[in-house]
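Chemist: take this sequence and fold it.
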Amino acid sequence: MLAALALVLAACGGSTTATGVQTAPSAGLTAQPTTATTPLPAALSTKPTVTVPKGPPPKTLVVKDIIKGTGPAATASSTVTVQYVGVLYKNGKQFDASWNDSSGQPTSFSLAGGVIQGWTKGIAGMRVGGRRELIIPPNLAYGSKSQPKIPANSTLVFVVDLHSIS
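Modeler: Got it, this is the predicted structure:
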């Protein structure tokens with residue numbers, strides 16, 4: 001859990017200029033709305049496999065809905081509860097996953113400050129019950145600052161399941 005929070009809470013240094021977001025077509029899957037009486041889609045109960053695309057890493061944020069949620073949408077200032085897996089674009093090696101924490105439970109955090117810009121921009125607009133892939137270039141991640149298990153100037157790939165918003 002500590003590694004998950006350290007990754008998600010580490011801020012990307014300095015830049016506040018948006019560099020653009022590239023969206024990819026969704027797989028056409030939809031999820032049911034999440035309410036107190038409606039469970040999350042079954043697909044969100046298992047850890048996803050992250051597949052890194054072939055070719056050079058993108059220069060802009062890529063957002064792809066794997067499962068489109070139908071619940072409330074996150075904003076850039078939302079506090080979200082998620083499960084996620086993060087891998088390095090260059091070799092597909094997993095560097096963090098909330099699924100691997102001792103509890104295996106989703107983790108919660110605010111998208112307003114404190115997280116890398118790629119998460120704030122990439123999760124905004126995502127709906128509860130959704131699963132989304134984010135490919136985050138270095139300038140929206142950690143840039144030239146290395147992190148444990150993440151070399152400097154790394155492009156990151158995340159698959160994120162949005163469980164709730166508060």
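Chemist: what segments of this protein are strands?
Modeler: Secondary structure of the chain by DSSP state E: the strands cover 21-24, 29-30, 61-68, 79-88, 94-97, 107-110, 131-136, 156-165.
Chemist: in TSV, list these along with distance to residue 149 and mean neighbour count.
Modeler: The C-beta positions use only the backbone N, C-alpha and C, and glycine is treated the same way. Formatted as TSV, these follow (distance: least, C-beta to C-beta, whole Å; neighbours: other C-beta atoms under 10 Å):
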stretch	distance to residue 149	mean neighbour count
strand 21-24	26	14
strand 29-30	30	14
strand 61-68	21	20
strand 79-88	8	21
strand 94-97	4	19
strand 107-110	17	16
strand 131-136	15	24
strand 156-165	11	24
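Chemist: quick one: which of those is nearest residue 142?
Modeler: Between residue 142 and those, the tightest spacing by C-beta to C-beta is seen for strand 156-165, at 8.2 Å.
Chemist: so which elements touch the closest one?
Modeler: Where contact means 3 or more C-beta pairs under 8 Å, 6 or more residues apart in numbering; DSSP states H and E, strand 156-165 is packed against strand 79-88, helix 117-123, strand 131-136.
Chemist: which among those is found nearest to residue 41?
Modeler: strand 131-136 (8.1 Å).
Chemist: same list, the helices and strands packed on strand 156-165, but as TSV with distance to residue 95 and mean pLDDT please.
Modeler: Below are these laid out as TSV (distance: least, C-beta to C-beta, whole Å; pLDDT from 0 to 100):
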stretch	distance to residue 95	mean pLDDT
strand 79-88	5	96
helix 117-123	14	97
strand 131-136	12	98
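Chemist: could I get the ones you listed as a markdown table with distance to residue 165?
Modeler: As requested, the helices and strands packed on strand 156-165 are exported to a markdown table (distance: least, C-beta to C-beta, whole Å):
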| stretch | distance to residue 165 |
| --- | --- |
| strand 79-88 | 6 |
| helix 117-123 | 10 |
| strand 131-136 | 14 |
